[in-house]
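[1] Next comes the sequence, and after it the predicted model I'd like to discuss.
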Amino acid sequence: MNKIPIGVKGVDSILPGGFPQGKCILLSGSCGTGKTIFAAHFINEGFRNREPGIFVSLEQDKSKLFCDLKEINIEWKKMEETGKLRMLGGSIAAIQRLKEQRKAGFEDFAQEIRDVALEIGAKRVVIDSLNLFLSLFEFPEQRRALVELIYVLQETGCTVLLTCETREQDKGLSWYGFEEYVADGVVLLKRTADEHQGRDGPRRNKRALEVIKMRGSDFKEGNFPLRITNKGMEVFMTDPDREFFHS
């Protein structure tokens, strides 16, 4: 199976060669774990490989997203101007109103993204976030909406990354509890307090990445530390903050 590089430094060592091409990957994590940054690296890596991409943002508007990404040296304005990037989405409230006005169903949303993917020759698609997309629909339509979305997008040959919020202190892998079963792969981002930090000051949050499943690909198991700096996200095979002979 062909693989595509992910674009997050260190992750291609955990998933040799990257994500399986044409698959749908769920990127889960609670607030502040770095899901949007990971997804931005994924799209940006496509640009380096001459692969147009689509980023569907339901979390924040385009101008704010572009401004935030500029802080980690990801410049998307030019990519959008040259047609290599297509931004879709908007505020979830505005999309909900539009859905009601047009009486649109999940098929309409999936087809819109598909049409844009075919128009620009997209190879990578991100939806940030899946739980907000699914909130547009009532149960039990939500699972059907996800299945339809994945089916339509995979028909284009795109590799799809779906970010998904998880509840704080919840050990689940998704918001609604079924998303991880539909996706081909699941990558979990975690945020925990550093238990080895001294008692005199507040504990610093530590982040980690774990691959839960990946159909069609081998991967290294375990929790791998990650950092987010002004250079973006980087994942390590060992803890960069722990001395080798730590007692």
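    Looks like it arrived, so ask away.
[2] can you pull the contacts of R191?
    29-30, 32-33, 205-207 (CB atoms under 8 Å, 6 or more residues apart in numbering). No exception for glycine: its C-beta is placed from N, CA and C like everyone else's.
[3] again, 7 Å this time
    30, 32-33, 205, 207 (CB atoms under 7 Å, 6 or more residues apart in numbering).
[4] what do you get for L189?
    27, 29, 33-35, 38, 207, 209.
[5] quick revisit: what's the closest of the contacts of R191 to A104?
    S30 (30.2 Å; CB to CB).
[6] For burial, what's the neighbour tally of that closest one?
    16 (other CB atoms under 10 Å).
[7] And it, how close does it get to R124?
    Using CB to CB, to the nearest Å, S30 is found at 24 Å from R124.
[8] hmm, back to that, just the buried ones from the contacts of L189?
    Among these, the ones that count as buried by 16 or more other CB atoms under 10 Å are 27, 29, 33-35, 38, 207, 209.
[9] Could you give the separation of the least confident helix or strand in the chain by mean pLDDT from the chain centroid?
    Across the helices and strands of the chain, mean pLDDT, DSSP states H and E gives its lowest value to helix 92-102, namely a mean of 89. Averaging C-alpha positions (CA atoms, centre = their mean, to the nearest Å) puts helix 92-102 24 Å from its chain's average.
[10] contacting residues around L153?
    When contacts are counted by CB under 7 Å, 6+ apart, L153 touches 110, 113-114, 117, 125, 160.
[11] Run through the bridge partners of the closest residue to G10 other than its chain neighbours.
    Excluding its sequence neighbours, the residue lying closest to G10 (CB to CB, 6 or more residues apart in numbering) is V235, at 3.5 Å. On the basis of DSSP bridges, V235 is bridged to L226.
[12] What ranges does this structure have for its strands?
    With DSSP state E as the criterion, the chain has strands at 3-4, 19-20, 24-29, 53-57, 85-89, 124-128, 159-165, 185-193, 205-214, 224-229, 232-235.
[13] Relative to F66, which of the ones you listed is closest?
    It's strand 85-89; of the strands of the chain, that one is closest to F66 (CB to CB) at 8.8 Å.
[14] quick check: angle from that closest one to strand 53-57?
    Interaxial angle, strand 85-89 versus strand 53-57 (axes from the mean of the first three to the mean of the last three CA atoms, to 10 degrees): 20 degrees.
[15] Return the list of helices and strands in contact with strand 85-89.
    For strand 85-89, the elements it packs on are strand 53-57, helix 106-120, judged by 3 or more CB pairs under 7 Å, 6 or more residues apart in numbering; DSSP states H and E.
[16] List the contacts of it.
    So strand 85-89 is in contact with 53-58, 62, 76, 79-80, 113, 116, 120, going by CB under 7 Å, 6+ apart.
[17] any idea which of those residues is closest to Q154?
    Lowest distance from Q154 to the contacts of strand 85-89 (CB to CB) belongs to I113, with 11.6 Å.
[18] contacting residues for that closest one?
    Contacts of I113 by CB under 7 Å, 6+ apart are 54, 56, 88, 125, 153.
[19] That's all I had, so thanks and see you.
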